[in-house]
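**Student:** return a 3D structure for these sequence lines:
(chains A, B, C and D)
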Number of protein chains: 2
Amino acid sequence: MVERSTIYEVARRSGVSTATVSRVMDNGTGFSSATRDRVLAVANELGWVPSGSARGLARRRTGIVGLLFPDFAGEAEQESPLYVDQVIRGAERAAATAGNAVLIAATRSASGRDLAFSVASKVDGLVVMARSLTDQDLATIGQNVPVVALANRPEPASDLDRVGADNRGGTRALVDHLVDQHRCRDLVFVGGPQRSPDSMERFAGFREAMRGAGLHVRQHPDACGGFTEPGGARAVAELLEQRRLPDAIVCGNDEMAIGALGVLKRAKIKVPADVAVTGFDDIAATRHLAPPLTTVRQPMYELGQCAVKTVLARVTERSAKPHEVVLSTELVVRRSCGCRVRTQPTDNSDQKGNAA
Amino acid sequence: MVERSTIYEVARRSGVSTATVSRVMDNGTGFSSATRDRVLAVANELGWVPSGSARGLARRRTGIVGLLFPDFAGEAEQESPLYVDQVIRGAERAAATAGNAVLIAATRSASGRDLAFSVASKVDGLVVMARSLTDQDLATIGQNVPVVALANRPEPASDLDRVGADNRGGTRALVDHLVDQHRCRDLVFVGGPQRSPDSMERFAGFREAMRGAGLHVRQHPDACGGFTEPGGARAVAELLEQRRLPDAIVCGNDEMAIGALGVLKRAKIKVPADVAVTGFDDIAATRHLAPPLTTVRQPMYELGQCAVKTVLARVTERSAKPHEVVLSTELVVRRSCGCRVRTQPTDNSDQKGNAA
DNA sequence: TTGTACGCGTTATCAC
DNA sequence: GTGATAACGCGTACAA
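**Tutor:** Now for the predicted structure:
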C-alpha cells in the first residue's frame, strides 16, 4: 500500500496498452481471452482497481448516489429519528441493484451546507430528505444534479422530482377506525414540531376525518410534543392536569405515543379501556409496548428504494416533467385502540427483508 | 441542468483564469476580495461546484470514507441486524466532523464482491464490518486502500487496523451478576450463528465467568438461535419441550431474548421469578419489554465513530504498526434478571431539561 | 495578485 | 484484437 498502483503499471506488467487494460476492466469486448486472463491476473496480483475519480472523470458518471438526511444531534428535539435508518437501507438496496453505492451525509440548514454541496459534487444524483436543506440550496443544487425530494410537503414547492408517503390518508384511515369501530367522539391530536410537513399532513388527515364524521375539530393540534418521547409525555401530562380525558389520544408519531403511554400508566389510567392511544410510523418498539400500539406504517424502506430508483432514472433520462410518486401507508391495528387482536411477538419473521 | 458547468465557464464569465477560480474555491489566499466576490457570485449563479471526480483525481483524495456492512437480506437469518444503523450513524458523524462523507454498501462474501471493490476505488479509506467480506478480498483491498476492520475476531487475523467492543468482558460481567446477585447456578447460553465472531466471543466470556464461579460449562452453546427473534423463540421452545428450566437463559443478543420472552410468556413461565433472561446489544426495544430486559450495551455508535477516525488517521499517517482499539461494553441492569430497578419508561425526559 | 501549462488515471475515438 | 492519443475538469508549481 506504499503507492496505489495505476493502469499504466498493469499495462506494462502484462505487456499490453492501457487501452486494452481498460477494455478488460470494462467487461467489454475487443481482446483475446488470453490477454484478458493475463491482465486480470496482474490486476489481481497488484490488488489494482481502476481509480474511481479518474473513471468518474472520463465517464462522466461516478456510480454514486447521494442521500442527505436531517441531522438533529445535540438539539432539544432529539437525535435524528429512527426512520432515517430504514430509508438509508432502502436506498442502499436500490442503488446496489443498479451497481451503485450510496453516499450519505447528515446536514442541516446551516451546519451541513458545505457538506451538502460537497456531496452533490461527488454523485450522479441526489436524494434529499425533508428538512435537511433550505429550499434555496436545494434549488441551486438542482441546477447541476438530478435531485429528488423525499418528503411530504403540503405543496409541491418546486419542479423537482418528489416521492413521499400518504401521511394524510393514513391518518384518515386511523381516525375513521377510531370513530367507526370504537365509537370515539372526543379525539385529541398531539402534533410534532410546528413547521414539520409530516406533522402538518397528519393533522390535515385528522381534520378531514373528523369533519367527515361530523365531529368538532380545532384549528390547531391540541398539543405539541415535538415528535419526541418526553414531548409526548409532557403533552399528555398537561392534558391530565386540566382534568381532561378524551376518548382517544392520536399522537403524531410513535415516540410521542410511547411517552403518552408512560404517563397514563403512572396515572393509573388504563389503555385502551379508559382511553385509546395511537401512534404513527410503526417503529420497531411498537410491537413490544404494553399494550401493543395501534399505528400507521410508513413504508420507509420502500421510500428510500423508490427515491433512488427515481433519481437513477432521471440520471439517464433527463426528461422534462417532474416525477411525483406517493406511496400508500397502512393502518396497523393492535391493542391500544381497543381492538382485541392476538399479540404475536414473533410474527414478523416473514414480514421484512424479502423486498428483493 | 442541461450541462453541468465547469470551471472554465466560471472563469470565462468572471473574467479570470481557471487557476484563480480554483484558488477561490479552495478558500485559500492569493486573490483580491473583489475577484473573490465576483467568482463566488458567478459560481453561485451557475450553481457550480467543483467536480468531485476531477478534484479527487488532481488532489489524490476524494473526501470519502467507505463503510461496508454485511447484507443478510433475503436470507433465513434475517434482515441486516439493527446495530448496523448505529454504526453508520457514528461513522457519518465522525466523517462529517472531518469534512468527509460516508459511502455505504451492503456486501456479502459472494454477491457484493464487485460492489466492494467498486467502493474501495472511490474512497480514501475503508471501514469493513465483520462478515461483509472474505479475508482474502479484505487483504487484497488492503493492498491499495487503508482499511480498518470493525469486528470482534477471536484472533487478529491480519496486519490491518482493527476496532471492536469488549464482548467477552461484557458477557463476563453479566454472568457474574447473575451468579453473584441472583444466585443462579444453572445457566443456559443461546448462541448466534455458528461462525459468528461475536457469538463466539460472547460464549467465551460466558465460559470464563462460569469456570470462574466453579460452575459446569458445556463445550458449546446449549442452543443456537441464529441471532434472530424467531430463532430465540425456537431455541427456548425446544428447551421447554425437554422439560428443562434453568435458572437463567443468557441470550447471545437482544433479538433472541425477545423471542425467548415471548414463548416463556405463552408458557406461563414468569420472568424473572421462574427464570432470568438476558440479552446483548441494548437495542431500543429492550426498555419497553415486559419485563424490561437486562442486557449489555455495545457502543455501536462509538464504534462507527472510532473506526472512521482510525482510518482517517491512517490516510494521512501511513505509519507501520497496525492500530488496535477495544471499546468497553456496559452491563445494563433492568428487570429481567431479577433486579428490582424502577422502570422509567420516560426516564429520559429529564435528561434534556424539562423546565417547560 | 494573476495567468500558463502540465499532470492526475481513465475512457473513448480513431487508426492499424 | 490492439495501440496511440485526445479529452475529462481540476490543482498547482512556475512565471509573470
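**Student:** where in the stretch 101-250 of chain A is pLDDT low?
**Tutor:** Counting by pLDDT under 70, the ranges of the stretch 101-250 of chain A that qualify are A:109-111, A:152-158.
**Student:** can you name the residue of it nearest to DNA strand C?
**Tutor:** Nearest residue of the stretch 101-250 of chain A to DNA strand C: residue A:124, at 14.1 Å (Cβ to the nearest atom of the strand). Where you see a C-beta, it was placed from the backbone N, CA and C, and this is true even at glycine.
**Student:** the residue lying closest to that residue once chain neighbours are set aside in helix, strand or coil?
**Tutor:** Leaving aside its chain neighbours, residue A:124 sits nearest to residue A:315 (4.9 Å; criterion: Cβ to Cβ, 6 or more residues apart in numbering or on different chains). Recorded secondary structure, residue A:315: helix (DSSP: H, G, I helix; E, B strand; the rest coil).
**Student:** what does residue A:230 give?
**Tutor:** Applying three-state DSSP: residue A:230 is helix.
**Student:** coming back round to it: so what's the residue nearest to residue A:124 scoring on pLDDT?
**Tutor:** Looking at residue A:315, its pLDDT is 89.
**Student:** do the same with residue A:85
**Tutor:** The confidence metric pLDDT takes the value 90 at residue A:85.
**Student:** wait, it sits on residue B:92?
**Tutor:** No. Using Cβ atoms under 8 Å, residue A:85 makes no contact with residue B:92, being 11.2 Å away.
**Student:** and the two? Which one has more around it.
**Tutor:** Shown here are residue A:85 and residue B:92; by other Cβ atoms under 10 Å in any protein chain shown, residue B:92 has more neighbours (27 against 22).
**Student:** distance of that one relative to chain A?
**Tutor:** The gap separating residue B:92 from chain A is 6 Å, by Cβ to the nearest Cβ, to the nearest Å.
**Student:** how far is the helix or strand where that residue lies from where the chain is centred?
**Tutor:** For residue B:92, the host element (DSSP states H and E) is helix B:83-97. On the basis of Cα atoms, centre = their mean, to the nearest Å, helix B:83-97 sits 8 Å off its chain's mean C-alpha point.
**Student:** dump it to CSV, restricted to CA.
**Tutor:** What follows is helix B:83-97, C-alpha atoms only, in CSV (Å, rounded to 0.1, in the frame of the first residue of the first chain):
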residue,chain,number,x,y,z
TYR,B,83,-26.9,-2.3,15.2
VAL,B,84,-25.6,-1.6,11.8
ASP,B,85,-27.6,1.5,11.7
GLN,B,86,-25.9,2.9,14.8
VAL,B,87,-22.5,2.2,13.3
ILE,B,88,-23.5,4.0,10.2
ARG,B,89,-24.6,7.0,12.2
GLY,B,90,-21.4,7.1,14.2
ALA,B,91,-19.3,6.8,11.1
GLU,B,92,-21.2,9.5,9.4
ARG,B,93,-20.7,11.8,12.4
ALA,B,94,-17.0,11.2,12.6
ALA,B,95,-16.6,11.6,8.9
ALA,B,96,-18.6,14.8,8.7
THR,B,97,-16.5,16.3,11.5
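**Student:** from the contact counts, what lies against that helix?
**Tutor:** Under the contact criterion of 3 or more Cβ pairs under 8 Å, 6 or more residues apart in numbering or on different chains; DSSP states H and E, helix B:83-97 touches helix A:83-97, strand A:101-107, strand B:64-70, strand B:101-107, strand B:125-129, helix B:300-316.
**Student:** try it again with 10 Å
**Tutor:** On a contact count with 3 or more Cβ pairs under 10 Å, 6 or more residues apart in numbering or on different chains; DSSP states H and E, helix B:83-97 meets helix A:83-97, strand A:101-107, helix A:113-120, strand B:64-70, strand B:101-107, strand B:125-129, helix B:300-316.
**Student:** tell me what angle it forms with helix A:83-97.
**Tutor:** With axes from the mean of the first three to the mean of the last three Cα atoms, to 10 degrees defining the directions, helix B:83-97 sits at 90 degrees from helix A:83-97.
**Student:** what angle do helix B:83-97 and strand B:101-107 make?
**Tutor:** Using the same axes, to 10 degrees: helix B:83-97 against strand B:101-107 is 160 degrees.
**Student:** so what's the residue nearest in space to the middle of chain A closest to, chain neighbours aside?
**Tutor:** For chain A, the residue sitting closest to the mean C-alpha position, by Cα atoms, centre = their mean, is residue A:87 at 3.6 Å. Closest residue to residue A:87 apart from its sequence neighbours, by Cβ to Cβ, 6+ apart: residue A:304 at 3.8 Å.
**Student:** what about stretch A:9-18 and DNA strand C, touching?
**Tutor:** Yes. Using Cβ under 7 Å from any atom of the strand, stretch A:9-18 reaches DNA strand C at residue A:18.
**Student:** for that stretch, buried residues please.
**Tutor:** Buried residues in stretch A:9-18, counted by 16 or more other Cβ atoms under 10 Å in any protein chain shown: A:9, A:10, A:11, A:13, A:14, A:16.
**Student:** wait, which of the residues you listed is closest to residue A:177?
**Tutor:** Within these, the smallest distance to residue A:177 is 63.9 Å, found for residue A:10 (Cβ to Cβ).
**Student:** does the closest one count as helix, strand or coil?
**Tutor:** When classified by three-state DSSP, residue A:10 comes out as helix.
**Student:** how close does it sit to residue A:221?
**Tutor:** Going from residue A:10 to residue A:221 by Cβ to Cβ, to the nearest Å gives 63 Å.
**Student:** repeat that for residue A:115.
**Tutor:** Note on residue A:115: its distance to residue A:221, by Cβ to Cβ, is 33 Å.
**Student:** same check on residue A:132?
**Tutor:** From residue A:132 to residue A:221 the distance is 24 Å (Cβ to Cβ).
**Student:** these two: which has the busier surroundings?
**Tutor:** residue A:132 (26 against 22).
**Student:** element containing that one?
**Tutor:** Going by DSSP H and E, residue A:132 is not in any helix or strand.
**Student:** contacts only, for it.
**Tutor:** Applying Cβ atoms under 10 Å, 6 or more residues apart in numbering or on different chains, we find residue A:132 in contact with A:67-71, A:80, A:84, A:105-109, A:112, A:116, A:138, A:149-151.
**Student:** on that earlier part again, who touches both of residue A:85 and residue B:92?
**Tutor:** With Cβ under 10 Å, 6+ apart as the test, residue A:85 and residue B:92 both reach residue A:69.
**Student:** I'd say residue A:61 and residue A:124 touch.
**Tutor:** Yes. Counting by Cβ atoms under 10 Å, residue A:124 is a contact partner of residue A:61 at 5.6 Å.
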